[in-house]
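Visitor: what's the 3D shape of this:
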Amino acid sequence: QVATCVYMFSPQLFDHLPTEPQKIHFGRTVFPQLLQSNLPLYAYHHLGYWNDIGLVDNYLQANFDLLAGKIKANIPGKPVKPGIFLEDNVFIHPQANLIAPVVIGKNCKIEAGCQIGPKAVIGRNCQISKNCSVKRSLLWANCLLESDCQILDTVVARKSHLLQGQVLRNTAFRPEPKEN
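Guide: Residues are numbered from 1 along each chain as shown. Model prediction:
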């Protein structure tokens, strides 16, 4: 069994740590030393949702869990159909297909032939051109997808511009930094 923890320490803890850098297992060394020294040590058993989002797959899963209602939080936008949430000023072409669950941020434009979802979160001010597919993925704000892009199991960082026909699968994508 794995313990997932968040530690909070007072500055006095550093008095009980080695001065030279080294690997330390808090549960096997530091905590027992604190207890042997009769210093206070407290724990809180959290029964709610926990997910270390430091990996792309975990970050995606946390968002999908939110969409599935496993996390108690407000989903932005208004539900227009079961599992489909749209913020203000969103244009969805009549020939685009949204498959729940989907969240689309304000000022987005989804063109004809697109399939968005299932499990898609589109950030604000995104433009998704004709015949794109975004499934099990997140697009952060201000992204532009040219026509025929395919995005699957991917996080696309803000201000990304994907070229026509670009395919992203099982990755995190961010734009190249602009040279000054």
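Visitor: Could you identify the longest helix within this protein?
Guide: helix 56-67 (DSSP state H).
Visitor: ok, residues contacting it?
Guide: Contact with helix 56-67 is made by 49, 51-53, 71, 73, 75, 83, 101, 103, 119, 121, 136-138, 153-155, 170-172, as judged by CB atoms under 8 Å, 6 or more residues apart in numbering. (C-beta placed from N, C-alpha, C; glycine too.)
Visitor: and if we set it to 6 Å?
Guide: The contact list for helix 56-67 (CB atoms under 6 Å, 6 or more residues apart in numbering) reads Asn51, Asp52, Ile53, Ile71, Ala73, Pro101, Lys119, Val121, Leu138, Val155, Ala172.
Visitor: immediately after it, which helix or strand?
Guide: strand 78-81 (DSSP states H and E).
Visitor: returning to what we had before: who wins for neighbours among the contacts of helix 56-67?
Guide: Counting neighbours by other CB atoms under 10 Å, Val121 leads these with 25 neighbours.
Visitor: That residue: what secondary structure?
Guide: At Val121, secondary structure determined by DSSP: H, G, I helix; E, B strand; the rest coil is strand.
Visitor: bridging residues for it?
Guide: Val103, Leu138 (DSSP bridges).
Visitor: Return the distance of the most centrally placed residue in the chain relative to Val102.
Guide: Of all residues in the chain, the one closest to the mean position by CA atoms, centre = their mean is Tyr59, 4.1 Å from it. Distance, Tyr59 to Val102, by CB to CB, to the nearest Å: 18 Å.
Visitor: Cys149 now?
Guide: 17 Å.
Visitor: got the end-to-end distance for stretch 102-121?
Guide: 6 Å (CA to CA, to the nearest Å).
Visitor: Over to stretch 108-119?
Guide: Stretch 108-119 has an end-to-end distance of 17 Å (CA to CA).
Visitor: which residues sit against it?
Guide: Here stretch 108-119 makes contact (CB under 6 Å, 6+ apart) with 64, 90-93, 95-99, 102, 122, 126-134, 136.
Visitor: hmm, which of these are the buried ones?
Guide: Among those, the ones that count as buried by 16 or more other CB atoms under 10 Å are 64, 90, 92, 96, 98, 102, 122, 126-134, 136.
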